[in-house]
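Chemist: this one's sequence-less:
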Ligand SMILES: C[S@@+](CC[C@H](N)C(=O)[O-])C[C@H]1O[C@@H](n2cnc3c(N)ncnc32)[C@H](O)[C@@H]1O
């Protein structure tokens, strides 16, 4: 992704009410933060936030947390949320490498990974958000009856992810190599990248998986 430095983005993030800072101190306290017991769903690598904002509007009974590494992208999501003022949506600016420090065991009910960076070089495979390393991190805080949905138009990344799911012992619920022309198309909420790549004619791959059964 080509990143432009957005002037003032760090200052905006530092003072915005929809951004949670010192996120590691929130571990185990997210329900108190939202002041309800509604399930918590997260999107890791949410970019400019279109998907998570649309989901938060559609599902006021669910709390959403969007995680994004770069300030210059996060500000676009903050701008939208500042207009929407959705009470069930906040953001964290962080690298998801440290994600298990932010959520307590069973604190998250669902994870979304949309059009995650492919990291095409083999030596960077562990940075892919669907690598065994990341799947193992998610197990630390994803509820046993929770799940994860991953969408991408990048077939090599999707094939890699299918292998990693098996290696990490997750359960495959379903997958498709062409979501928009599949039985799962109905009700699909599009992301920014999904709209862009599907308009170019790229089929969208999607998998729904569940964490390994705890022994
Ligand atoms: C290709 S964009 C997709 C954005 C959005 N999910 C969509 O589908 O339109 C991937 C996003 O993930 C973010 N990202 C990649 N690795 C990340 C990480 N380790 N932690 C947090 N965000 C990450 C990138 O900064 C980028 O904004």
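Modeler: Perfect, thanks for sending it. Quick caveat, the model's predicted, so the values are computed rather than measured.

Chemist: Could you pull up the residues touching residue 93?
Modeler: Contacts for residue 93 (C-beta atoms under 8 Å, 6 or more residues apart in numbering) come out as 13, 19, 68, 69, 70, 71, 74. (Each C-beta comes from the backbone N, C-alpha and C, glycine too.)

Chemist: Select from the residues you listed every entry located in helices.
Modeler: Among those, DSSP state H puts 13, 71, 74 in helices.

Chemist: Name the member of those residues with the most neighbours.
Modeler: Neighbour tally across the ones in helices among the contacts of residue 93 (other C-beta atoms under 10 Å): the maximum, 28 neighbours, falls on residue 74.

Chemist: Quick check: bridge partners of residue 147?
Modeler: residue 110 (DSSP bridges).

Chemist: ok, it - how many residues close by?
Modeler: The burial count for residue 147: 18, using other C-beta under 10 Å.

Chemist: What of the one 3 residues further on?
Modeler: When counting by other C-beta under 10 Å, one arrives at 24 neighbours for residue 150.

Chemist: List of residues touching stretch 37-45?
Modeler: Looking at what lies outside stretch 37-45 - C-beta under 8 Å, 6+ apart - the contacts are 30-31, 34, 51-52, 55, 61-69, 88, 96, 99, 103, 107-117, 129.

Chemist: one more time with 6 Å
Modeler: With contacts defined as C-beta atoms under 6 Å, 6 or more residues apart in numbering, stretch 37-45 is touched by 30-31, 52, 61-67, 96, 108-113, 116, 129.

Chemist: Residue numbers of the chain in contact with the ligand?
Modeler: Residues of the chain found near the ligand (C-beta under 6 Å from any ligand atom) are 1, 44-47, 67-70, 73, 95-97, 114-117, 191-194.
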